[in-house]
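> all I have is the shape, not the residue letters:
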């Protein structure tokens, strides 16, 4: 139980960052927050599995991608397309925060009911993973800008990463690498899509995509 | 089996090669596509012939990465019996299509500019039919992609072969869907015509709804027997009666919608005429029979059912036969009329097979054997003469530029070979000697008589009533065929295009002639037909098969009679020619009626020919919609009369139903917001609900 404590502390931080992301309107701050969240997540394997080669590689890779490379790409993207802060959410910030709170509470209640193995009882990994997934989802649903959509996917991936931590021993390295690679590809695709949207519709609102219906 | 694989290979190769030349090399594409089709069919014929002559079964198994599926084939007598018409018609169709597809655009140019109708005329309902045909001709100049056509044609034969030889449920469904899709693309090959596309959609909808029932059947069969292999379906033989009956009904609806049995035939009269004629022949002659194959094959795994299974089939069959032939008499489009006649013939086949099931369940083995033989022989015969007639109709269309009977006329003199072959097909379909149509129907009558005379009371009454109804159907077939022959071939041309009609070339002529010769051969050698049917029956009903193998049942005298009759006809023809000598026949106006300047417009039309049966016999729900052209007074103004006979089941049952269903379902359209957020919201809520559901357990 003891060796979970620092990890649990980090996970609580992750939840705080989740709330910040749901409530903030400044894109730059959001991207940096996601970067910090990613950096915190990259420490998790070390706390969970000790200083083995595998966990070092995982932590290093996650830190480089989640903490440095992707935020850098996204920051460059917002600099290029000249959108600084304005977000026009479909659902306001306060209702989104409330929904996020509800989802987090639901995640904690739900994970208590799961038939887990003994070691994972009382750990925060499952509820925080679920809560982060829900945060990513909420971000995807409520935000209009393509760049916040990309952020939503990133947060979603962070949730998946937290889940993956529990299985890092059981899962081969390939799967972990797959998760990270997935992420990278997603960001590239979103970047391309954003530029396309920008060029074609002279707007970064994905709402314009609805003209493609039918 | 090796020849079968060679056939598979050739069809696949042809499908691939035909698209390579593209838009420019139409001639090369036609050559490659039709040549590989012909060669593949020849290989397949050898494979099927070996099985029919030698008996026994061959199997092939190869694992497939699909769950539950395996590439498992089985070629036994029943499969070979259904492969026989498939490859014969496929071969004739490939030969026929080589000319038909090549000349389709060219002949239209040769006929010169079409008479344009002015605005007031085109609003007139009477000219709508004509306009449609005019549109058809215009459209035909645009479409020139024979390559793609040959790809679909070869793939259609390939998938039908696979349907008939598959021994695994998943492979069967896979081949079945391929067959539906390739034939759908062939139906809409004139996709610039709204009519053809609409027919295609109706067909696709009907065939998919039917396939849903087949999926239900195979899924429950897998659940009950533990595997999708046909070999393990033997376990279905121990089912209880209600379960087996449910499975049987699934089969009947699923295959019935493809075979065009009575209430599910609605797609057939639209789709078959829309396709090119050799494809109509293949679809009408063979594709609907693959559904009968499926029904028989999968029925053979079920326990021998109660008598009402057969009774149900018989009821559907006789209603379908009467309905189909009555509707056939009302159509002015030749191919549509022939398509309705397919509904009628499927009804007859179903009647015979239903009678087989019923008699077997009741223990009347002689009647059962006769009924099974009648059904199978009629199935084979129908494939031959119906494809002959469809190809003949295509040839008339090719020569005169129209599918409308009222725009043909006088074609016997202009297209003597096609005309003669159509008359042969007409004799065959009307079950007249010396052609093959008689043999199958003779067995059906024989079976009904057998049980009608052996049984007493009400049980014996029903077969006798059916005999009367069958005779009625037979008479109606004669009306339909004399109508087509009389209106299209005899008399004077009813349109300028018909007057300039040209005879079909040798590929089309020889394809039709080969089919006509086979029809004649079947009529002259009924014992051979019986033997082939007996082979196919070994798997379905061994008792009946041994009974049929007994030569005492062979109606050799039917063949003898046919030979004598043929001799008499030839002798009479020779005598007439001899008596006529070299004298020219004096030409006089037909249907002159005392007018000074008679025109062909005074002659009987296709509609007036069937007025008597229509007003005296048909029930009112079948009445065509007419726009009255009654004239009043001594100097009446110009009037016109129009006549349309849409399918009553489609118009009164299916169309209202689907319109209602569409209205109900349109409420759900709001769900499709076209916004990514909303779709994500759906996913999110579904995930949450699922999590709650899991959490509850």
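Arrived safely. This is a predicted model, so every value here is computed, not measured.
> how much space between residue B:614 and residue B:34?
41 Å (Cβ to Cβ, to the nearest Å). Using the backbone N, CA and C atoms, a C-beta is placed for each residue, glycine as well.
> so between those two, which is more surrounded?
A count of neighbours by other Cβ atoms under 10 Å in any protein chain shown puts residue B:34 above the other of residue B:614 and residue B:34, at 28 against 18.
> for the nearest residue to that one once chain neighbours are set aside, grab the count of nearby residues.
Counting by Cβ to Cβ, 6 or more residues apart in numbering or on different chains, residue B:98 is the residue found nearest to residue B:34 once chain neighbours are left out, at 4.1 Å. Residue crowding around residue B:98 was assessed by other Cβ under 10 Å; the count is 25.
> residue B:98 contacts residue B:505, correct?
No: between residue B:98 and residue B:505 there is no contact under Cβ atoms under 8 Å: 9.5 Å.
> can you show me the strands along the stretch 1-150 of chain B?
B:58-63, B:70-75 (DSSP state E, counting those that start in this stretch).
> who does the last one touch, helix- and strand-wise?
Meaning strand B:70-75. strand B:58-63, helix B:146-165, helix B:169-187 (3 or more Cβ pairs under 8 Å, 6 or more residues apart in numbering or on different chains; DSSP states H and E).
> of all these, which one is nearest chain A?
helix B:169-187 (22.6 Å; Cβ to the nearest Cβ).
> OK, contacts around the closest residue in space to residue B:165 that isn't next to it in sequence?
Of all residues not flanking residue B:165 in the chain, residue B:73 sits nearest, at 4.8 Å (Cβ to Cβ, 6+ apart). Neighbouring residues of residue B:73 by Cβ atoms under 8 Å, 6 or more residues apart in numbering or on different chains: B:1, B:4, B:59-61, B:162, B:165-167, B:171.
> make it 7 Å
By Cβ atoms under 7 Å, 6 or more residues apart in numbering or on different chains, the contact set of residue B:73 is B:59-60, B:165-167.
> compare the residues you listed and tell me which has the most neighbours.
Within the contacts of residue B:73, most neighbours by other Cβ under 10 Å means residue B:165, with 28 neighbours.
> wait, isn't that one in contact with residue B:75?
Yes: taking contacts as Cβ atoms under 7 Å, residue B:165 lies within contact range of residue B:75: 5.4 Å.
> measure residue B:295 to chain A for me?
40 Å (Cβ to the nearest Cβ, to the nearest Å).
> typo on my end, residue B:533
In terms of Cβ to the nearest Cβ, residue B:533 sits 53 Å off from chain A.
> ok, now residue B:581?
Between residue B:581 and chain A the computed distance is 74 Å (Cβ to the nearest Cβ).
> okay, now that residue: neighbour count?
Residue B:581: 6 surrounding residues under other Cβ under 10 Å.
> contacting residues around the residue nearest to residue B:34?
Contacts of residue B:98 (Cβ under 7 Å, 6+ apart): B:30, B:34, B:507.
> remind me which residues of the chain are low pLDDT?
No chain in the question, so chain A it is. A:1-4, A:83-87, A:119, A:168-214 (pLDDT under 70).
> hmm, no, I was thinking of chain B.
B:22-24, B:103-145, B:551-554, B:582, B:588-593, B:596, B:628-629, B:697.
> just the contacts of residue B:98 now: which is nearest chain A?
Using Cβ to the nearest Cβ, residue B:30 is the member of the contacts of residue B:98 that sits closest to chain A, with 38.1 Å.
> surely that closest one meets residue B:99?
No: taking contacts as Cβ under 7 Å, residue B:30 lies outside contact range of residue B:99: 8.9 Å.
> for chain A, what's its nearest residue on the stretch 201-350 of chain B.
Closest point on the stretch 201-350 of chain B to chain A, by Cβ to the nearest Cβ, is residue B:201, at 17.5 Å.
> any idea how far that residue is from residue B:273?
Per Cβ to Cβ, residue B:201 is found 15 Å from residue B:273.
> who has more neighbours, these two?
Comparing residue B:201 with residue B:273 by other Cβ under 10 Å, the one with more neighbours is residue B:273, at 27 against 16.
> quick one, helices of chain A?
Using DSSP state H, the helices of chain A run over residues A:5-23, A:27-49, A:53-62, A:70-81, A:93-113, A:125-142, A:146-167, A:173-201.
> circling back: what's the closest of the helices and strands packed on strand B:70-75 to residue A:43?
With Cβ to Cβ, the closest approach to residue A:43 among the helices and strands packed on strand B:70-75 belongs to strand B:58-63: 48.1 Å.
> pull up the pairing partners for that closest one, direction included.
Here strand B:58-63 has these sheet partners by DSSP bridges: strand B:70-75 (antiparallel).
> can you tell me which helix in chain B is longest?
helix B:365-400.
> what residues of the next helix or strand after it count as buried?
Next helix or strand after helix B:365-400 toward the C-terminus (DSSP states H and E): helix B:411-414. Neighbour-count burial for helix B:411-414 flags B:411-412, B:414 (criterion: 16 or more other Cβ atoms under 10 Å in any protein chain shown).
> contact partners for the residue positioned nearest the centre of chain B?
Central residue of chain B (Cα atoms, centre = their mean): residue B:284, 1.8 Å from the mean position. By Cβ under 7 Å, 6+ apart, the contact list for residue B:284 reads B:272, B:339, B:342, B:386, B:390.
> 10 Å instead?
B:89, B:260, B:268, B:271-273, B:275, B:335, B:338-339, B:341-343, B:345-346, B:382-383, B:386-387, B:389-390 (Cβ atoms under 10 Å, 6 or more residues apart in numbering or on different chains).
> and residue B:568, by the same measure?
Contacts here follow Cβ under 10 Å, 6+ apart; on that basis residue B:568 touches residue B:434.
> element containing it?
According to DSSP H and E, residue B:568 maps onto helix B:556-580.
> who's in contact with the closest residue to residue B:265 other than its chain neighbours?
Nearest residue to residue B:265, sequence neighbours excluded (Cβ to Cβ, 6+ apart): residue B:343, at 4.6 Å. Counting by Cβ under 10 Å, 6+ apart, residue B:343 touches B:259-262, B:265-266, B:268-269, B:272, B:284, B:288, B:320-321, B:323-325, B:327-328, B:647.
> same question, residue B:478
Going by Cβ under 10 Å, 6+ apart, residue B:478 touches B:325, B:426-427, B:429-432.
> kindly report the same for residue B:305.
Counting by Cβ under 10 Å, 6+ apart, residue B:305 has contacts B:241, B:244-245, B:247-248, B:299, B:312, B:357-358, B:360-361.
> now these: which count as buried?
For those, buried by 16+ other Cβ under 10 Å: B:244-245, B:247-248, B:299, B:312, B:357-358, B:360-361.
> mutual contacts of residue B:165 and residue B:75, please.
With Cβ under 10 Å, 6+ apart as the test, residue B:165 and residue B:75 both reach B:1, B:4, B:47-48, B:58-60, B:83.
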